[in-house]
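Asks: Kindly generate the corresponding structure for this input.
(chains A and B)
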Protein chains: 2
Amino acid sequence: MQQKVLTGDRPTGPLHLGHYVGSLKQRVELQNTSSQTVLIADLQGLTDNGHTPRKVSDNILNVLADYLAVGIDPERTTICLQSALPALSELTMYYSNLVTVSRLQRNPTVKAEIASKKFGSSIPAGFLSYPISQAADITAFRATLVPVGDDQLPMVEFTNEIVRKVNSVAGKEVLVECRPLLSKVSRLPGVDGLAKMSKSLGNALTLGSDETQIRKAVKKMYTDPGHLRVEDPGNVEGNVVFTYLDAFYPEEAYVQLLKDRYERGGLADSRLKAILEECLQELLRPIRERRAEFLADKAQLTDILRAGTGKAHSETEGIVQGVKAAFGLDILG
Amino acid sequence: MQQKVLTGDRPTGPLHLGHYVGSLKQRVELQNTSSQTVLIADLQGLTDNGHTPRKVSDNILNVLADYLAVGIDPERTTICLQSALPALSELTMYYSNLVTVSRLQRNPTVKAEIASKKFGSSIPAGFLSYPISQAADITAFRATLVPVGDDQLPMVEFTNEIVRKVNSVAGKEVLVECRPLLSKVSRLPGVDGLAKMSKSLGNALTLGSDETQIRKAVKKMYTDPGHLRVEDPGNVEGNVVFTYLDAFYPEEAYVQLLKDRYERGGLADSRLKAILEECLQELLRPIRERRAEFLADKAQLTDILRAGTGKAHSETEGIVQGVKAAFGLDILG
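Replies: You can find the predicted model right below:
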């Protein structure tokens, strides 16, 4: 049977190269082999931006343009907006009665995120319970396959716990369990070499970066700090430029050749960076241009999102009606 | 300006005399002077019945029949079903990002209820956050007046906190604050004299009680344990039969007469109970009969609830759209 894939992003900023290698490329492939839904998760974006909703709403069409620019095809992938799908909020309400507060507080992913976000003792209720909302998203589309990083495996397990509880209360299978699709690529570091590329850390190359931004970013990338003269042997391990070449250069064999030469000595950092820069310029030029074209026509973007959301609306309404019927809450039909 | 009243009940059992004196009688009056909405709060009923949803769904039409039987008029009062109003779940999601977990845990009403329900450390997430859902209900109808007992005053204050936060984030008044309408009558004790009449405590007289149930309930009521002989002086204070006469007997002066005579001595408990029983039989007979008539026609009940819920749907959709627009989340129109 064809897999049903659910994936998405919080629209809290434009997408960047980290998203590209981590998920966007995979989605362009998955739309050929599976039934794929991509959710622009604005409600989830609000869970830690409750007091600045414009930071979320202003980025919805940017993220959509990013999707279209990299080749996610609205004819083959359902692209939809979370806040326009009431069924997702309704399912969250039902599921939240089947999950204890202490279970949420023990969730390793949430624990790590709470620590990193420095909420202190002021954790928004919506943030603590966002795994419930995520379970609502996954189940509302009957997703069987959920692309995740390994730090998000507990979320998939949490979703399946809820699925089993709902089915047990309902006395029949109204929801389906899902399994994780683990990313094969490791997380792309920031252009500064820090573990995570992130808009808020200022070390990201967004998909809309112009030529100058790309040039500057590559220029300041770390290579091997011990590689002082061209003829010296250099280290490939931990060398950000090589990490990026691994991630983006189309010919693996050529990157291997460069690595060998760099390790032997005789390959200048400037030459290496020129190769990476050309590669990134070639990758991002058509994406940037398509992105700008899409963003120039907001009405078209809105139409695309409305069409996908309309399709998703029918799907998700069917699921929430099924849950309600199983609970006896369908008396108004 | 006419007040907008929101009130309602969790449909976790048929309503009883405690509801009648505490709220139902007042609603029959309020529908003449205010714009009143009565919400059958099935979603809230699920917050501590998540694993037994039938306990909630099976009681929805019972509660509706109770309303109609006591004289709540669907032409003058909007009677609607919480789970059929997605706007209430959506607003709950938005509000939950503006409330911290510790603020919920400090809520005195929730604290008291958690203690009484013996959840231990297994508090359902939905139960902890039900004040947010209640704030969604109140604000979704732009209620200005909320009938409550004094133990629920913190809930009204909590709702107004959310109103002020949403308006502050929105930069304009999208929601209105409400004020409590404190009940003038004190809480009716159970027929066993315990502080609270409750179906689960087995000390309730439901509105559908038959003659025998009423007779038996009055028969076993406590009077004054020291009042052994008819001619002895008796105590009125703490005497459950007098508490009920105060609550239900139509002529206050006559009850005062009985009290005086009882305190002087010479009024038998059996005589007193006969008066109360006749009073309760007369009160409940027409209610029981109307209730049975309504319950005999489930299709009519469903139609009434569907009509009220339809009206409520338009109202509440307007409010959630207003909140979304103020947050910039109206791009799909």
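
Asks: Could I get the contacting residues of A:Pro11?
Replies: A:Ile40, A:Ala41, A:Asp42, A:Gly45, A:Val56, A:Ser57, A:Asn59, A:Ile60, A:Asn62, A:Val63 (Cβ atoms under 8 Å, 6 or more residues apart in numbering or on different chains). For every residue, glycine as well, the C-beta is placed using N, CA and C.

Asks: One more pass at 6 Å, please.
Replies: The contact partners of A:Pro11, by Cβ atoms under 6 Å, 6 or more residues apart in numbering or on different chains, come to A:Ile40, A:Asp42, A:Gly45, A:Val56, A:Asn59, A:Ile60, A:Val63.

Asks: Restricted to strands, list those residues.
Replies: The strands in this structure, assigned by DSSP state E, contain A:Ile40 from the contacts of A:Pro11.

Asks: now, which of the contacts of A:Pro11 lie close to chain B?
Replies: Among the contacts of A:Pro11, none lies close to chain B by the criterion of Cβ under 6 Å from any Cβ of the partner chain.

Asks: Can you add neighbour count and give the contacts of A:Pro11 back as CSV?
Replies: Written out in CSV, the entries for these read as follows (neighbours: other Cβ atoms under 10 Å in any protein chain shown):
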residue, neighbour count
A:Ile40, 27
A:Asp42, 28
A:Gly45, 25
A:Val56, 27
A:Asn59, 22
A:Ile60, 23
A:Val63, 25
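
Asks: From the contacts of A:Pro11, which land in helices?
Replies: A:Asp42, A:Gly45, A:Val56, A:Ile60, A:Val63 (DSSP state H).

Asks: Could I get the full set of strands for chain A?
Replies: According to DSSP E, the strands that chain A contains are A:4-9, A:35-40, A:77-81, A:145-148, A:179-182.

Asks: Return the most buried member of those strands.
Replies: Greatest average neighbour count among the strands of chain A goes to strand A:35-40 (a mean of 25), per mean count of other Cβ atoms under 10 Å in any protein chain shown.

Asks: Which strands and helices lie in contact with that one?
Replies: Packed against strand A:35-40, as judged by 3 or more Cβ pairs under 6 Å, 6 or more residues apart in numbering or on different chains; DSSP states H and E, are the following elements: strand A:4-9, strand A:77-81.

Asks: Isn't A:Leu39 up against A:Asp9?
Replies: No. Assessed by Cβ atoms under 6 Å, A:Leu39 is found out of contact with A:Asp9, at 8.1 Å.

Asks: Let's have the contacts of A:Pro11 in a markdown table, adding distance to B:Thr223 and pLDDT.
Replies: Below are these laid out as a markdown table (distance: Cβ to Cβ, whole Å; pLDDT from 0 to 100):
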| residue | distance to B:Thr223 | pLDDT |
| --- | --- | --- |
| A:Ile40 | 68 | 98 |
| A:Asp42 | 63 | 98 |
| A:Gly45 | 63 | 97 |
| A:Val56 | 64 | 98 |
| A:Asn59 | 70 | 98 |
| A:Ile60 | 69 | 98 |
| A:Val63 | 72 | 98 |
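
Asks: Pick the one among the contacts of A:Pro11 closest to B:Leu332.
Replies: Taking Cβ to Cβ as the measure, B:Leu332 lies nearest A:Ile60 of the contacts of A:Pro11, at 9.3 Å.

Asks: show me the contacts for the closest one.
Replies: Taking Cβ under 6 Å, 6+ apart as the definition, contacts of A:Ile60 comprise A:Pro11, A:Ile40, A:Asp42.

Asks: just checking, A:Val191 touches A:Ala217?
Replies: Yes. A:Val191 sits in contact with A:Ala217 when judged by Cβ under 6 Å, with a separation of 4.5 Å.

Asks: okay, those two: which has more neighbours?
Replies: Between A:Val191 and A:Ala217, counting by other Cβ atoms under 10 Å in any protein chain shown, A:Val191 is the more crowded of the two (25 against 21).

Asks: Which residues lie in contact with A:Pro147 in this structure?
Replies: The contact partners of A:Pro147, by Cβ under 6 Å, 6+ apart, come to A:Thr7, A:Leu181.

Asks: Please determine how far A:Trp124 is located from chain B.
Replies: In this structure residue A:124 is Pro, not Trp. The span separating A:Pro124 from chain B equals 5 Å under the rule Cβ to the nearest Cβ, to the nearest Å.

Asks: Likewise for A:Thr78?
Replies: From A:Thr78 over to chain B the distance is 14 Å, taken as Cβ to the nearest Cβ.

Asks: What of A:Gln213?
Replies: Applying Cβ to the nearest Cβ, one obtains 27 Å for the distance of A:Gln213 from chain B.

Asks: Grab the nearest non-local neighbour of that residue.
Replies: The spatially closest residue to A:Gln213, leaving aside those adjacent along the chain, is A:Leu205, at 6.9 Å (Cβ to Cβ, 6 or more residues apart in numbering or on different chains).

Asks: Report how many residues lie close to the one you found.
Replies: Applying other Cβ under 10 Å, we find 22 residues neighbouring A:Leu205.

Asks: show me what contacts it?
Replies: A:His16, A:Leu17, A:Ala217.

Asks: Likewise for A:Leu194?
Replies: Residues A:Asn203 are the ones in contact with A:Leu194 under the rule Cβ under 6 Å, 6+ apart.

Asks: since we're on A:Asp150, how many residues are nearby?
Replies: Taking other Cβ under 10 Å as the neighbour definition, A:Asp150 ends up with a count of 11.

Asks: what packs against the one helix or strand in chain A whose mean pLDDT sits lowest?
Replies: Lowest mean confidence among the helices and strands of chain A (mean pLDDT, DSSP states H and E): helix A:108-117, at a mean of 86. Other elements packing on helix A:108-117 under the criterion 3+ Cβ pairs under 6 Å, 6+ apart are helix A:153-170.

Asks: please redo it, this time with the cut-off set to 8 Å
Replies: Counting contacts by 3 or more Cβ pairs under 8 Å, 6 or more residues apart in numbering or on different chains; DSSP states H and E, the secondary-structure elements packed against helix A:108-117 are helix A:125-128, helix A:130-140, helix A:153-170.

Asks: The longest one near chain B at all?
Replies: By that I understand helix A:153-170. Yes. Counting by Cβ under 8 Å from any Cβ of the partner chain, chain B has neighbours in helix A:153-170: A:Lys165, A:Val169.

Asks: Figure out how far that helix is from the centre of its chain.
Replies: Averaging C-alpha positions (Cα atoms, centre = their mean, to the nearest Å) puts helix A:153-170 22 Å from its chain's average.

Asks: residues in the stretch 151-300 of chain A within reach of chain B, list them.
Replies: The stretch 151-300 of chain A comes close to chain B at residues A:Lys165, A:Val169, as judged by Cβ under 8 Å from any Cβ.

Asks: In the stretch 151-300 of chain A, what residue comes closest to chain B?
Replies: A:Val169 (5.6 Å; Cβ to the nearest Cβ).
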